[in-house]
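Participant: Give me a 3D structure for the following:
(2 chains)
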Amino acid sequence: MEVAAGLVSAVASASAHKVLVVDDHPQAQVLLSRFLRRMGYHVDVASNGLEAVEAVIRERPDIVIMDVEMPVMGGYEATERIRTAAHERWLPIVFLSATPDSGALIRALERGGDDYLVKPISYTVLRAKMRAVSRTLILQRELEDRSARLAAYRAAEEEQNRTAEHMIRRLAGHDLLDESVLQHWTAAASVFSGDLVAAARTPSGRLHVMLADGAGHGLAAALSALPVTQPFYRMTEKGYPLPSIVEEMNGKIRRLLPVDRFVAATLIAVDFQEQVIEIWNGGNPPLCVIGEQGNLLHLARSRNLALGIAPDNLFSTEPEIYHYEEPCQVISCSDGLFEAAGWHAADSGAKLLAELVGPHEPATRLDRLKERCTAVGGAQPTNDDVSAVVITCIPGQYAAPAPVLPVQQRVDPVGDWHFEVGLSVGQLKGVDVVPLLHDVVSRMHGWCARNPKLFLVLSELVSNALDHGVLGLDSLIKLEPDGFQRYVQLRQAKLAALASGGIHVRIAGFDRDARPMLSIVVKDTGPGFDHESAMAHEAGIDAPYGRGIGLLKRVCEDVEYRGVGNEVEVLFAVDQHEGSVKPARSG
Amino acid sequence: MQAHLITEQATARIRLIGRFDFSGHREFKYCYEAALKEPSVRQIDVDLHDVDYLDSSALGMLLLLKDYADARALPVSLLNCGGMVKEILDVANFGVVFAMR
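Facilitator: Numbers count the residues shown, from 1 in each chain, chains lettered A, B, ... in the order given. All right, here's what the predicted structure looks like:
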């Protein structure tokens, strides 16, 4: 098709071609020029090689007919110079020579000529050759034009990719992955990765990690995965638990993406204090928890649809809970990695993964995974994006990042304020109370409320009131074997069945000696407890029992239980930060 | 991938053969559009017996079909899912949104 169209137009557009005739004999110049003009060409003339080079640069002819023997500069030398000057486009050069032998023909072609005519010129042969050259020239020009357009398109695309890649990196928050307990790897099948790894800390120091895989690969997949990052970072920063984050992400993906696009995601929350790993896996291969010796401790299968497919009623946001009692690593990968490694994205694959990396030093396990993918697939490892995260959890190591708090910053007094909130069964079941309270205080006190201790205090007070007060749970259960999982299950069951009860919270802010203080009063409808002996007993700060009273006493200026123990008031200095010395009590 | 549409009375069966990924997009779309146009059709079955592999874009295409079928209140079933195909559908938990027979 294309070629045929080119041939037809060759005849029509030959007239547009410009021919340069180079000959030192005026008579030959005139005859040739006249003949070519009659064929429909534009014709320029030059009388030697040097003039020809000048004319090529100035007039940009399409075809050159060049005599070989000329004074000043011969045809061969002129051709070499012309080739250098017009290197970017094809310029056919036809030699004219009085020597009819084949040696001269070969020499002419070797010196850069495209064709050869023997003098005296046969006009029939010349006409045929000119037509052939014109046809080739038209195809050649089309090709040049296309490759120029392609190059321009490619340059424009590269520029767009550069901008898009920069923005996707920033929006995805790749720069925030600075966690010593976390190793991660992503490899894109194209410029853009539809796989995305993100990590952030809640105000109380829980680590949230997300491995998201937008369906397909390339820019569309990268764009699909992007909307989950904002809820992930924003809600983690405010201390929301995984179920709320998952619900928000699912809704967001459903609203934004077309029906056939979705995002497989694994969300992991690690509470290094409680030694608890929560996992929500929607559509990713099984996540492995592997012990120090390489033993497979736990598999967390995909129990859910990927994000963006199901409406809320078909969707469970409840995470799976694993309580670790020995050093271990959580390894989560996208299906692209399983594919690249040659494994099925099912239990069998996860077991092969554990077998492969288990015998190796924990710190080098991610490298073993990378090696496997490259060994199986070669230099071009995948046709899907690949990603993996490894989180190292060691009992007793909190791995809390240094709090990013400005030191010695002057605190402006904010004046007195207070708010009260009464929560009954409906809110206790459905509202994330702690982030709500923390949010209000943050709005009043700005940066200094970004103190992890404040979130911790609020969490302790609210969970004491709810778990032990309203739900009547005994934290001693946690000490039994598998006690933590049982405690969590019991808590879920009791909360679901809760018919009456409530919590009342009053938070007041005031300035004392020019320092912002908070009074937090939490009262529940439970029967209370023996708070006098609990206060007298100094439980360790990380003891899973004793209602975290030891922790409250360390972090707060004052802790006071009232009545039967179902009401507590703590006094908290908002501007304290890591390393600050508790000032002497005034008054 | 090859896609064939076989309509028997009220059931439209889309039979897929080969590797189900984005390259099979046009064939698959052609079949389900034809099935959806047929007023007598009350049920759509996608027969995966001869599919040896499917990827995430195939899952997306199935969701797209379901979305169109939902608009006409037609149930969509996935038939004969075995081996690798079943593993992939299980990891994706597609049993929640599709009947599998």
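Participant: ok now whichever strand or helix holds residue A:58, how far from the chain's centre?
Facilitator: For residue A:58, the host element (DSSP states H and E) is helix A:49-59. The chain centre lies 56 Å from the centre of helix A:49-59; the measure is C-alpha atoms, centre = their mean, to the nearest Å.
Participant: which secondary structure elements does it contact?
Facilitator: Applying 3 or more C-beta pairs under 8 Å, 6 or more residues apart in numbering or on different chains; DSSP states H and E, we find helix A:49-59 packed against strand A:18-22, strand A:42-46, strand A:63-67, helix A:75-85. C-beta here means a position set from N, CA and C on the backbone, and glycine is covered the same way.
Participant: What are the buried residues along the longest one?
Facilitator: By neighbour count, with 16 or more other C-beta atoms under 10 Å in any protein chain shown as the criterion, the buried positions of helix A:75-85 are A:75, A:76, A:78, A:79, A:81, A:82.
Participant: Serialize these to TSV and add fields for pLDDT.
Facilitator: Shown next, in TSV, are the buried residues of helix A:75-85 (pLDDT from 0 to 100):
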residue	pLDDT
A:75	87
A:76	88
A:78	90
A:79	90
A:81	88
A:82	87
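Participant: could these go into a markdown table alongside distance to chain B?
Facilitator: Putting those into a markdown table (distance: C-beta to the nearest C-beta, whole Å) gives the following:
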| residue | distance to chain B |
| --- | --- |
| A:75 | 55 |
| A:76 | 54 |
| A:78 | 54 |
| A:79 | 50 |
| A:81 | 52 |
| A:82 | 48 |
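Participant: okay, now the residue of chain B found nearest chain A: neighbour count?
Facilitator: For chain B, the residue closest to chain A is residue B:60, as judged by C-beta to the nearest C-beta, at 3.3 Å. By the criterion of other C-beta atoms under 10 Å in any protein chain shown, residue B:60 has 23 neighbours.
Participant: out of the helices and strands packed on helix A:49-59, which comes closest to residue A:391?
Facilitator: Closest to residue A:391 of these, according to C-beta to C-beta: helix A:75-85, at 61.6 Å.
Participant: Name the residues of chain A found near chain B, please.
Facilitator: Residues of chain A found near chain B, taking C-beta under 8 Å from any C-beta of the partner chain as the criterion, are A:213, A:215-216, A:259-262, A:264, A:282-285, A:301-306, A:309-310, A:314, A:335, A:344-346, A:384.
Participant: So which of these sit within strands?
Facilitator: Those of the residues of chain A next to chain B mapping onto strands are A:213, A:264, A:282, per DSSP state E.
Participant: Surely residue A:100 is within a helix?
Facilitator: No. Secondary structure assignment (DSSP: H, G, I helix; E, B strand; the rest coil) places residue A:100 in coil, not in a helix.
Participant: how close does it sit to chain B?
Facilitator: Distance from residue A:100 to chain B, counting by C-beta to the nearest C-beta, to the nearest Å: 59 Å.
Participant: can you check residue A:334 too?
Facilitator: Counting by C-beta to the nearest C-beta - residue A:334 and chain B are separated by 10 Å.
Participant: Residue of chain A nearest chain B, please.
Facilitator: Chain A approaches chain B most closely through residue A:260 (3.3 Å), counting by C-beta to the nearest C-beta.
Participant: With adjacent residues omitted, what lies nearest to that residue?
Facilitator: Leaving aside its chain neighbours, residue A:260 sits nearest to residue B:60 (3.3 Å; criterion: C-beta to C-beta, 6 or more residues apart in numbering or on different chains).
Participant: Might you report the residue contacts of the one you found?
Facilitator: A:215, A:216, A:259, A:260, A:261, A:262 (C-beta atoms under 8 Å, 6 or more residues apart in numbering or on different chains).
Participant: for chain B, what's the longest helix?
Facilitator: If you go by DSSP state H, chain B has its longest helix at helix B:56-71.
Participant: continuing past that one, what's the next helix or strand?
Facilitator: Note on helix B:56-71: by DSSP H and E, the next helix or strand toward the C-terminus is strand B:76-79.
Participant: centre of the chain versus that following strand, how much separation?
Facilitator: Worked out by C-alpha atoms, centre = their mean, strand B:76-79 lies 6 Å from the chain centre.
Participant: and that strand, what does it pack onto?
Facilitator: Judged by 3+ C-beta pairs under 8 Å, 6+ apart, strand B:76-79 is in contact with strand B:43-54, helix B:56-71, strand B:99-100.
Participant: With just CA atoms, put it into CSV.
Facilitator: In CSV, the C-alpha atoms belonging to strand B:76-79 read as follows (Å, rounded to 0.1, in the frame of the first residue of the first chain):
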residue,chain,number,x,y,z
VAL,B,76,-22.4,-14.0,35.3
SER,B,77,-20.8,-17.3,36.2
LEU,B,78,-17.2,-18.5,35.7
LEU,B,79,-17.1,-22.2,34.6
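Participant: For the helix or strand that that strand is followed by, output the C-alpha coordinates as CSV.
Facilitator: Proceeding N to C from strand B:76-79, the next assigned helix or strand is helix B:83-91, under DSSP H and E. Provided in CSV are the C-alpha atoms of helix B:83-91 (Å, rounded to 0.1, in the frame of the first residue of the first chain):
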residue,chain,number,x,y,z
GLY,B,83,-5.3,-25.3,38.2
MET,B,84,-3.4,-22.0,37.8
VAL,B,85,-6.6,-20.2,36.8
LYS,B,86,-8.3,-21.2,40.1
GLU,B,87,-5.3,-20.2,42.1
ILE,B,88,-5.3,-16.7,40.5
LEU,B,89,-9.0,-16.3,41.0
ASP,B,90,-8.7,-17.5,44.7
VAL,B,91,-5.9,-15.0,45.5
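Participant: Whether helix B:83-91 contacts chain A - can you check?
Facilitator: Yes. Contact of helix B:83-91 with chain A (C-beta under 8 Å from any C-beta) involves B:84, B:87, B:88, B:90, B:91.
Participant: ok, which stretches of the stretch 101-250 of chain A are strands?
Facilitator: In the stretch 101-250 of chain A, the strands defined using DSSP state E, counting those that start in this stretch lie at A:115-118, A:182-187, A:195-201, A:207-214.
Participant: and among those strands, the most buried is which?
Facilitator: strand A:207-214 (a mean of 28; mean count of other C-beta atoms under 10 Å in any protein chain shown).
Participant: Contacts only, for residue 57.
Facilitator: Looking at chain A here, since you left the chain open. Residue A:57 sits next to A:85, A:86 when contact means C-beta under 8 Å, 6+ apart.
Participant: that answer is for a different chain, and I need it for chain B
Facilitator: Shown in contact with residue B:57 (C-beta under 8 Å, 6+ apart): A:215, A:216, A:260, B:21, B:22, B:25.
Participant: Where is pLDDT lowest across these?
Facilitator: Note: of the contacts of residue B:57, the lowest pLDDT belongs to residue A:216, at 78.
Participant: quick one, what contacts that residue?
Facilitator: Contact analysis of residue A:216 by C-beta under 8 Å, 6+ apart lists A:194, A:224, A:261, B:22, B:56, B:57, B:60.
Participant: Kindly tell me how buried the third one is, as a neighbour count.
Facilitator: The one in question is residue A:261. The number of residues packed near residue A:261 is 24, by other C-beta under 10 Å.
Participant: That one - nearest residue in space that isn't next to it in sequence?
Facilitator: Nearest one to residue A:261, counting by C-beta to C-beta, 6+ apart, is residue A:224 at 4.9 Å.
Participant: Specify the local secondary structure of residue B:16.
Facilitator: Going by three-state DSSP: residue B:16 is strand.
Participant: got a pLDDT number for it?
Facilitator: At residue B:16, pLDDT is 95.
Participant: That one bridge partners, please.
Facilitator: As for beta bridges, residue B:16 partners with residue B:3 under DSSP bridges.
Participant: Around chain A, which positions in chain B sit nearby?
Facilitator: So chain B meets chain A at B:22, B:55-57, B:59-61, B:63-64, B:67, B:84, B:87-88, B:90-94, B:96-97 (C-beta under 8 Å from any C-beta).
Participant: pLDDT averaged over the helix or strand where residue A:485 lies, what's the number?
Facilitator: Residue A:485 belongs to helix A:483-497 when assigned by DSSP H and E. Average pLDDT, helix A:483-497: 89.
Participant: Now do that helix: which elements does it pack against?
Facilitator: On a contact count with 3+ C-beta pairs under 8 Å, 6+ apart, helix A:483-497 meets strand A:320-323, helix A:425-430.
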